[in-house]
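Asker: Pasting a predicted model and its sequence here:
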Amino acid sequence: MKYSLKLFTVFGIPIELHISFLILMLLIYAVAALNLFPGINLLMAVLITLVFVTVVIHELSHSYVAQRYGVKIERIILLPIGGVSAMEEIPKDPGQEFRIAIAGPATNFVIAGICYVLVFLGASYLSKDISAAVYYFALINLILGGFNLLPAFPMDGGRVLRAYLAGRMSYVKATRLAANIGKQLAIIMAILGIFYNIFLVLIAIFIYIGAEQEYRSIMVSTLLEGVLVGDIMTPEVETVHPETTAQEVLNLMFQKKHMGYPVMEDETLVGILTFHDISEIPPNMRNSPVKTYMTESIISTHPEEPVVDALEKLNRKQIGRLPVLSEGVLVGIISKTDIVRAIEIMNLKIGE
Ligand code: ZN
């Protein structure tokens, strides 16, 4: 992820700190150091560190269980609103999703329980400061675990709820119902927040957006299930030669309304040229051949690849189209527009 620093690695998973989290921490440290609130310097520092540790443990619990189901974990990123585990798509198996989702809050509750027992048993041995720190650690774990059990995406409770519903209806319906419950919860939270605590309104907005995103992404991957690149690609591809001038390609774009062209030399794909590449050429250089400006490292797909995976490639690399190769031969091209159109048609077919 952009703007994040890698801290360390646990279970082979890199733990990263997002810059906004860092700024927030520095800000709180600065407030404490400048003695704006006398007497709470140490407490602040301890609390921040404990929140940080708690969030890492929480995310690691999810990742640990997910890894056992064969899900690859790329990294854990810490944001001011909590941690995010960047992992491959979680299996659409309600039982597995339930266990992955519940692992985080469950670990927090277990830690809180152990801490309370420690404080209770060690009351006469532990120093006052250590007792207080352990007590706060327990409290933070309780709050984090509890908050994450709210039945709304992107909280763990939303996933637990969907897993429960998915045992009783289709995955898409379960996601839609869970997302709607989350949105209603967000609206109630926002109304309460206006009267009691403005911070609740922020959380409500975050939940509302999260619910909508989760529903959309599930809709897309479900609608595109079983659809292959070969089914929706454009088979007759307009191509250009490395020696074609940029001006000629520009004219072609104007006529054909395609914004990207594979560059072919003797039946071999040697590059791809997009409108973006041409727009970066100074107007007086437009008579030079496109081979100087084309992108040579080509990201391609093949006719048997699922469209969902091709879409993932397009989004990850932030590109608009992929050439489709079959045994090294260019057989078509697939663009984001093709995929969006396919989604719209599939949506109509299902009649949702
Ligand atoms: Zn969680």
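Answerer: Here it is on my side, so go on.
Asker: number of nearby residues for Leu26?
Answerer: 11 (other C-beta atoms under 10 Å). Bear in mind the C-beta positions are built from the backbone N, C-alpha and C, glycine included.
Asker: who's in contact with whichever residue of the stretch 1-150 of the chain sits closest to the ion?
Answerer: When distances are taken as C-beta to the ion, the stretch 1-150 of the chain reaches nearest to the ion at Gly104, 3.4 Å away. By C-beta atoms under 8 Å, 6 or more residues apart in numbering, the contact set of Gly104 is 58-59, 61-62, 145, 148, 156.
Asker: Helix, strand or coil: sort out it for me.
Answerer: Per DSSP: H, G, I helix; E, B strand; the rest coil, the local secondary structure of Gly104 is helix.
Asker: again with Glu74
Answerer: strand.
Asker: Give me the neighbour count for it.
Answerer: By the criterion of other C-beta under 10 Å, Glu74 has 14 neighbours.
Asker: Which positions in the helix or strand bottoming out on mean pLDDT in the chain come out as buried?
Answerer: Here the helix or strand of the chain ranked lowest by mean pLDDT, DSSP states H and E is strand 82-87, holding a mean of 72. Buried positions in strand 82-87, judged by neighbour count with 16 or more other C-beta atoms under 10 Å: 82-85, 87.
Asker: Against which helices or strands is that strand packed?
Answerer: Judged by 3 or more C-beta pairs under 8 Å, 6 or more residues apart in numbering; DSSP states H and E, strand 82-87 is in contact with helix 41-68, strand 73-79.
Asker: Present these as CSV; the columns should include distance to the ion and mean pLDDT.
Answerer: Shown next, in CSV, are those (distance: least, C-beta to the ion, whole Å; pLDDT from 0 to 100):
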stretch, distance to the ion, mean pLDDT
helix 41-68, 5, 82
strand 73-79, 11, 83
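Asker: returning to what we had before: run me through the strand neighbours of the least confident helix or strand of the chain, direction for each.
Answerer: Paired strands of strand 82-87, with direction, are strand 73-79 (antiparallel) (DSSP bridges).
Asker: residues in contact with the strand it pairs with?
Answerer: Residues from elsewhere that reach strand 73-79 (C-beta under 8 Å, 6+ apart): 1, 4, 6, 11-18, 20-21, 52, 55-56, 59-60, 63, 66-67, 83-88.
Asker: which of those are buried?
Answerer: Among those, those buried by neighbour count (16+ other C-beta under 10 Å) are 4, 13-18, 21, 52, 55-56, 59-60, 63, 66-67, 83-85, 87.
Asker: circling back: closest to Ile194 among the contacts of Gly104?
Answerer: Nearest to Ile194 among the contacts of Gly104, counting by C-beta to C-beta, is Asn148 at 23.8 Å.
Asker: Was I right to think that closest one contacts Pro105?
Answerer: Yes - under the criterion of C-beta atoms under 8 Å, Asn148 is in contact with Pro105, at a separation of 5.0 Å.
Asker: Give me the common contacts of the two.
Answerer: Shared contacts of Asn148 and Pro105, defined by C-beta under 8 Å, 6+ apart, are found at 58, 156-157.
Asker: Contact partners for Val71?
Answerer: 87-91, 100.
Asker: What's the separation between it and Ile48?
Answerer: Here the criterion is C-beta to C-beta, to the nearest Å. By it, Val71 lies 30 Å from Ile48.
Asker: Leu192 too?
Answerer: In this structure, Leu192 and Ile48 are 27 Å apart, going by C-beta to C-beta.
Asker: Just give the nearest non-adjacent residue to whatever residue of the stretch 201-350 of the chain ends up closest to the ion, would you?
Answerer: Going by C-beta to the ion, the ion is nearest to Gly210 of the stretch 201-350 of the chain, at 12.2 Å. With sequence-adjacent residues excluded and distances taken as C-beta to C-beta, 6 or more residues apart in numbering, Gly210 is closest to Pro154, at 3.7 Å.
Asker: What about that neighbour, how many residues nearby?
Answerer: Neighbours of Pro154 under the rule other C-beta under 10 Å: 18.
Asker: Tell me the residues of the stretch 151-300 of the chain that contact the ion?
Answerer: Within reach of the ion by C-beta under 5 Å from the ion, the stretch 151-300 of the chain has these residues: Asp156.
Asker: can you list the weak-confidence ranges in the stretch 151-300 of the chain?
Answerer: Low-confidence segments of the stretch 151-300 of the chain (pLDDT under 70): none present.
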